[in-house]
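Q: sharing a model prediction with you, sequence too.
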Amino acid sequence: MTPVWAIGLMTGTVLDGNIDIAMLRTDGETIAAFGPWELAPYPAGVRELLGRTLEAARAWRFEGPEPAIFREAERVLTEGQAHAVNAFLKKHGYAAADIAAVGFHGQTVLHAAPLDDRRGRTRQLGDGALMAQIIGADVVYDFRSADVAAGGQGAPLAPVYHRAMLRRIGAGPETAILNLGGVANVTWCDGETIAAFDTGPANAPVNDWVGRHGMGEMDRDGRIAASGKVDEARLADLLRHPWLSAPYPKSLDRFDFPAAMADGKDLADGAALLTAFSAAAVGRALDLLPRRPTRLIVCGGGRRNPVLMREIAARAGVEATPAEAVGLRGDAVEAECFAYLAVRSLRGLPQSFPSTTGVPKPMAGGVLARAGG
């Protein structure tokens, strides 16, 4: 297949108010070229609406009818992202006809991994048909449901794109990709073999901790954590959590490891503890891989936190390298991923594997909404 241009969209679980938009030229197997990318803000009020929607989702827990707020939030976030794509295309001199597809992840409001007695459940808000109508381009959306219905975790989905990234930079099995969003996930490859899973929390607990103390939305540059002291005994207790040593595939919801892990600590010491826990959990995860990597290429917002990066290097015993140092775009990776997955979906290529989400066999995913209805 001749590589085509696609757009990917991503909004993470940390609710930073931004829409990640990236263009990628790909055949769904290789990365032919990186196109423009940007962080576009949601319209005023959307972030607050999504915050209330997440609260409603946590109270719902997949029991009974969906909260009524889901319908409003789905419409508003779809319109916001669609209009952001239209502005993005105009700004960069493209038309909808230049795009083979838009990969629209939607907003995750709740995710529950499968248990022994039940399948997993996941809910992303996003109306692909409405987006296709507004943009005038085909939209691939609902990437996770088929995986979950087949018995998979529904996450992570980025590993097949991470494999393409590793191949592009010529990295071998000594190198893995670590994404630090609300939750952290790692991808390791050796030839065609992919091993990938969520390692534990990344930014979500410390962001929530800082917010609880009225100190903003995040620990910018890790300054609060840097002023605190890690309670090593408390950290050791947290690291005994059985999930950390459980075999992969495995996935997390952003609230599975909450800010309450630091209850009883002051602001600085709590931030230090939560940051150290996220870092140490990465080390535990690397021990589970077929071969322990010596270098991590780090993408996602957490790579901009120098304290977290130092803690990962020290507590996981690896070189932690920002994606930009090897010619990749650390803020764009997740959006690029959904552009890549959209093209894979058009071609019927698998997006998830037994060693990534636990599906019985490699599976394609995504639902196609045509521009013409």
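A: Noted; the coordinates are in hand.
Q: who are the contact partners of the residue nearest to Ala369 when sequence neighbours are not counted?
A: The shortest distance from Ala369 to any non-neighbouring residue, by C-beta to C-beta, 6 or more residues apart in numbering, is to Gly128 (3.8 Å). Every residue, glycine included, has its C-beta placed from N, CA and C. For Gly128, the contacting residues are 104, 139-142, 367-369, by C-beta atoms under 8 Å, 6 or more residues apart in numbering.
Q: state the distance from Gly128 to Ala97.
A: 19 Å (C-beta to C-beta, to the nearest Å).
Q: and what of Ala129?
A: 19 Å.
Q: quick one: which of these two has more around it?
A: Higher neighbour count among Ala129 and Ala97: Ala129, with 15 against 10, using other C-beta atoms under 10 Å.
Q: per-residue confidence at that one?
A: Note for Ala129: predicted pLDDT of 98.
Q: same check, this time on Gly228
A: 99.
Q: ok, the contacts of Gly128 vs His111, which is closest?
A: Nearest to His111 among the contacts of Gly128, counting by C-beta to C-beta, is Asp142 at 13.7 Å.
Q: number of residues surrounding Thr127?
A: Not Thr; residue 127 is Asp. Residues near Asp127, counting by other C-beta under 10 Å: 22.
Q: quick check on it: phi, psi?
A: Dihedral angles of Asp127 (phi, psi; degrees, to the nearest 10) stand at phi -100, psi 100.
Q: for it, which non-adjacent residue is spatially closest?
A: Of all residues not flanking Asp127 in the chain, Thr78 sits nearest, at 4.4 Å (C-beta to C-beta, 6+ apart).
Q: so what touches the strand or helix carrying Ala225?
A: According to DSSP states H and E, Ala225 maps onto helix 223-226. Identification of contacts with helix 223-226 by C-beta under 8 Å, 6+ apart yields 206, 210, 215, 219, 267-268, 271-272, 274-275, 307-308.
Q: okay if I get those residues as JSON lines plus distance to Ala226 and neighbour count?
A: What follows is those, written out as JSON lines (distance: C-beta to C-beta, whole Å; neighbours: other C-beta atoms under 10 Å):
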{"residue": "Val206", "distance to Ala226": "12", "neighbour count": "29"}
{"residue": "Val210", "distance to Ala226": "13", "neighbour count": "22"}
{"residue": "Met215", "distance to Ala226": "14", "neighbour count": "14"}
{"residue": "Asp219", "distance to Ala226": "9", "neighbour count": "27"}
{"residue": "Leu267", "distance to Ala226": "12", "neighbour count": "19"}
{"residue": "Ala268", "distance to Ala226": "8", "neighbour count": "17"}
{"residue": "Ala271", "distance to Ala226": "9", "neighbour count": "30"}
{"residue": "Ala272", "distance to Ala226": "8", "neighbour count": "27"}
{"residue": "Leu274", "distance to Ala226": "13", "neighbour count": "32"}
{"residue": "Thr275", "distance to Ala226": "9", "neighbour count": "31"}
{"residue": "Val307", "distance to Ala226": "5", "neighbour count": "22"}
{"residue": "Leu308", "distance to Ala226": "10", "neighbour count": "29"}
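Q: of those, closest to Asp117?
A: Using C-beta to C-beta, these come closest to Asp117 at Leu274, 31.4 Å.
Q: which residues are in contact with that closest one?
A: Leu274 neighbours (C-beta under 8 Å, 6+ apart): 201, 205-206, 209, 225, 259, 261-262.
Q: from Ile224, how far out is it?
A: Applying C-beta to C-beta to Leu274 and Ile224 gives a distance of 10 Å.
Q: from what I can see the residue nearest to Asp127 touches Gly126, true?
A: Yes - under the criterion of C-beta atoms under 8 Å, Thr78 makes contact with Gly126 at 5.8 Å.
Q: give me the common contacts of these two.
A: Counting by C-beta under 8 Å, 6+ apart, the residues touching both Thr78 and Gly126 are Phe104.
Q: what about the longest helix in this protein?
A: Longest helix of the chain, by residue count under DSSP state H: helix 69-91.
Q: tell me the mean pLDDT over that helix?
A: Helix 69-91 shows a mean pLDDT of 98.
Q: and the next helix or strand after that helix, what other elements does it pack with?
A: Sequence-wise, the next helix or strand downstream of helix 69-91 (DSSP H and E) is strand 101-104. For strand 101-104, the elements it packs on are strand 4-10, helix 69-91, helix 128-135, strand 139-141, helix 333-347, judged by 3 or more C-beta pairs under 8 Å, 6 or more residues apart in numbering; DSSP states H and E.
Q: strand partners of strand 101-104, parallel vs antiparallel please.
A: If you go by DSSP bridges, strand 101-104 pairs up with strand 4-10 (parallel), strand 139-141 (parallel).
Q: ok, now which ones touch Ala33?
A: 3, 24-25.
Q: now it: phi and psi?
A: phi -160, psi 150.
Q: before we move on, what about the one 3 residues further on?
A: When quoted as degrees, to the nearest 10, the phi and psi of Pro36 stand at phi -70, psi 160.
Q: and it, what does it touch?
A: Neighbours of Pro36 in contact, by C-beta under 8 Å, 6+ apart: 22-23, 88, 92.
Q: how many residues are close by Pro173?
A: 18.
Q: check what pLDDT it gets.
A: Value for Pro173, per-residue pLDDT: 97.
Q: now do the contacts for the residue nearest to it when sequence neighbours are not counted.
A: Of all residues not flanking Pro173 in the chain, Asp190 sits nearest, at 4.2 Å (C-beta to C-beta, 6+ apart). By C-beta under 8 Å, 6+ apart, the contact set of Asp190 is 172-173, 290-291.
Q: now those residues in a markdown table, with secondary structure?
A: Shown next, in a markdown table, are those (DSSP: H, G, I helix; E, B strand; the rest coil):
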| residue | secondary structure |
| --- | --- |
| Gly172 | coil |
| Pro173 | coil |
| Pro290 | coil |
| Arg291 | coil |
